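Undergrad: Requesting a structural model of the entry that follows:
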Amino acid sequence: MTVTDTSTSSALALDAAAADLLFHSARTANTFSEEAVSDEQIRAVYDLVKWAPTSMNAQPLRIILVRSPEARERLVAHLSSGNQAKTRSAPLVAIVAADVDFHENLPQVFPHLPTARDFFTEPAAREQAARFNAGLQIGYFILGIRAAGLAAGPMTGLDASAVDREFFADQPLRTLAVINIGRPGENAWFDRNPRLDYEQVVSVL
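TA: Predicted structure coming up:
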């Protein structure tokens, strides 16, 4: 159902159809059809959202596509019971993680400051930066999935440390969420929860 807010849509450069696709009508999917999600679709999503900003262009998000039945079951074992069936039935599942050694890529992605890597020598501060910026990128990724005409079912009901041990034991990756991806299936949507009003969120100094 379209829920375009006509009181503000005229102030946006985004047309109403695009606003509905990305925001107003978009929902978190809980069931999916059997239609496959291709690597080409996910590549197109990534090639769109990679342009969104992160601090110092750090880009710490890592996306692990879980396709094989064996890998799917390894992942499902570490999800909360309410999320397991959703992930088993989704056409595609992505583990989204933060690379806590993202600073190694700064000479490539932030080349105008050769000393940028040296800003992140302290591991705890580096991990905090990685998690924050990867979290931003997860939001962009979800919007990219919607832009491809697909639905996303992001979930944090999981044992992230166990997923790290299962899949990333020898890698500097920290699991943040799992995202089920596909076309929405039957009874895909829960009732939409209320949003805070502008006056509750925005203040002017």
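
Undergrad: which residue packs closest to Phe190, ignoring adjacent ones?
TA: Asn30 (6.4 Å; C-beta to C-beta, 6 or more residues apart in numbering). Where C-beta positions appear, they are placed from N, C-alpha and C, glycine not excepted.

Undergrad: What distance do you get for that neighbour to Pro184?
TA: Computed as C-beta to C-beta, to the nearest Å, the Asn30 to Pro184 distance reads 9 Å.

Undergrad: Spit out the contact partners of the residue nearest to Phe190.
TA: Shown in contact with Asn30 (C-beta atoms under 8 Å, 6 or more residues apart in numbering): 86, 153, 187-190.

Undergrad: Just the ones of these in strands?
TA: Gly153 (DSSP state E).

Undergrad: Please spell out the ChimeraX selection for the buried subset of the contacts of Asn30.
TA: Of these, the buried ones can be selected in ChimeraX as follows, counting by 16 or more other C-beta atoms under 10 Å:
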select :86,153,188
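
Undergrad: Can you add pLDDT and give the contacts of Asn30 back as CSV?
TA: Output for the contacts of Asn30, formatted as CSV (pLDDT from 0 to 100):
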residue, pLDDT
Lys86, 94
Gly153, 97
Asn187, 93
Ala188, 93
Trp189, 93
Phe190, 91
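
Undergrad: centre of the chain versus the host helix or strand of Gly144, how much separation?
TA: Gly144 is part of helix 123-147, with elements assigned from DSSP states H and E. Relative to its chain's centre, helix 123-147 lies at 7 Å (C-alpha atoms, centre = their mean, to the nearest Å).

Undergrad: Stretch 96-112 now?
TA: The answer for stretch 96-112 is 18 Å, by C-alpha atoms, centre = their mean.

Undergrad: who's in contact with it?
TA: Contacts of stretch 96-112 (C-beta under 8 Å, 6+ apart): 56-64, 113-114, 116-117, 119-120, 123, 126-127, 129-131, 133-135, 138, 141, 164, 168, 172-179.

Undergrad: I'm done for today, thanks for sticking with me.
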